[in-house]
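Participant: My questions concern the predicted model and sequence given below.
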Amino acid sequence: MPDPSAFRSRILAGDLLIGTFLGLGAPVAVEVAGRSGLDWILVDLEHGGGTEAGLLPQLYAAQTTGTPTLVRVESNARLRFGRALDLGAGGIMVPRLETVDEARDAVDYLRWPPGGIRGVALGARGAMAAGVTHADVATWSERLPLAVQIENPAIVEAAAEVAAIDGVDVLFIGPTDLSHSLGIPGQFGHPRQLEAYAKVVAACRGAGKSPGILLRKPDDLARHVDMGFRFIGVSSDMNAVIDGMAAVVAARRALTGA
């Protein structure tokens, strides 16, 4: 299994890292994305067709590519973190945070004691099937990157506190949920939305953390890099299918007029 520590080091160094979300629950889609040349991929258990029961085959597929692979867990809960990590997730993204204390909880769920409260199961795949020893436990899980999602005004205002937490590596904006929480649904260029982006980017810069965001289309990438984002998800396997089929239908209509 790939060592996630090098990837975490790149995140904290501020490298520009581009990835995508995978929600179809299809190992083949995971493998194709992993072989595409992206810096990272993320298996999404919060949205889409994938479930925790189907996570292991997707992680097997990802491992064949060597691409760093995060898992977005369903919720900020110790067991959800533990299951994904025991199966071999190379890092975690956690959605829907509301408070600074919840961000601290996420670090606790990610790390084994003494740095956290993740249950120690050294025979699990995520512990190299007993390749991790008891002596390794204190530091092993510190190699794993953690991204926390910023999706509401309260956590935007607390962004500097969140970024200051040891173990939180990426503050990752979910633009759609954020826009709805701000009362400006889908208005991604609205001044309030852009102000929230700027607060998160500034908080990350001040703490040596990486500001992240999910974008719908590659055309949006350069503009958001200019804003200061460094850990960027672009599209998803589902959106790639939607966009590809829409292009086929548009070509047919151009020929037939229907």
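Facilitator: Sure, I can see it. Residues are numbered from 1 along each chain as shown.

Participant: what about the strands in the stretch 1-150 of the chain?
Facilitator: 17-22, 40-44, 69-72, 92-94, 146-150 (DSSP state E, counting those that start in this stretch).

Participant: export the third one as CSV, just CAs?
Facilitator: This points to strand 69-72. Coordinates of each C-alpha in strand 69-72 appear next as CSV, following Å, rounded to 0.1, in the frame of the first residue of the first chain:
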residue,chain,number,x,y,z
THR,A,69,-6.7,7.9,-2.3
LEU,A,70,-8.9,9.6,0.3
VAL,A,71,-12.3,8.6,1.4
ARG,A,72,-15.1,11.1,2.2
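
Participant: So Gly233, which state does it fall into?
Facilitator: Put simply, Gly233 is strand when judged by DSSP: H, G, I helix; E, B strand; the rest coil.

Participant: quick one on the thing from earlier: of all the strands of the stretch 1-150 of the chain, which one comes closest to Ala159?
Facilitator: Taking C-beta to C-beta, strand 146-150 is the member of the strands of the stretch 1-150 of the chain nearest to Ala159, at 6.5 Å. From N, CA and C alone the C-beta is placed, and that goes for glycine too.

Participant: okay, the angle between the closest one and strand 40-44?
Facilitator: Strand 146-150 runs at 60 degrees relative to strand 40-44, counting by axes from the mean of the first three to the mean of the last three C-alpha atoms, to 10 degrees.

Participant: need the strands of the stretch 1-150 of the chain in CSV with mean pLDDT and distance to Gly116, can you?
Facilitator: Below are those laid out as CSV (pLDDT from 0 to 100; distance: least, C-beta to C-beta, whole Å):
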stretch, mean pLDDT, distance to Gly116
strand 17-22, 98, 24
strand 40-44, 98, 21
strand 69-72, 98, 17
strand 92-94, 98, 12
strand 146-150, 98, 10
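
Participant: Could you dump those strands into a markdown table and include mean neighbour count and distance to Pro2?
Facilitator: Output for these, formatted as a markdown table (neighbours: other C-beta atoms under 10 Å; distance: least, C-beta to C-beta, whole Å):
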| stretch | mean neighbour count | distance to Pro2 |
| --- | --- | --- |
| strand 17-22 | 22 | 14 |
| strand 40-44 | 28 | 11 |
| strand 69-72 | 28 | 8 |
| strand 92-94 | 26 | 15 |
| strand 146-150 | 27 | 17 |
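
Participant: mind giving me CSV with the ones you listed and columns for distance to Asp243?
Facilitator: Output for those, formatted as CSV (distance: least, C-beta to C-beta, whole Å):
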stretch, distance to Asp243
strand 17-22, 12
strand 40-44, 17
strand 69-72, 21
strand 92-94, 23
strand 146-150, 24
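
Participant: Nearest to Val249, out of those?
Facilitator: The minimum distance between Val249 and these falls on strand 17-22, with 22.9 Å, by C-beta to C-beta.

Participant: Just checking: what are the partner strands of that closest one?
Facilitator: strand 40-44 (parallel), strand 231-236 (parallel) (DSSP bridges).

Participant: Nearest approach to Phe7 belongs to which of the strands of the stretch 1-150 of the chain?
Facilitator: strand 40-44 (7.0 Å).

Participant: Good, wrapping up.
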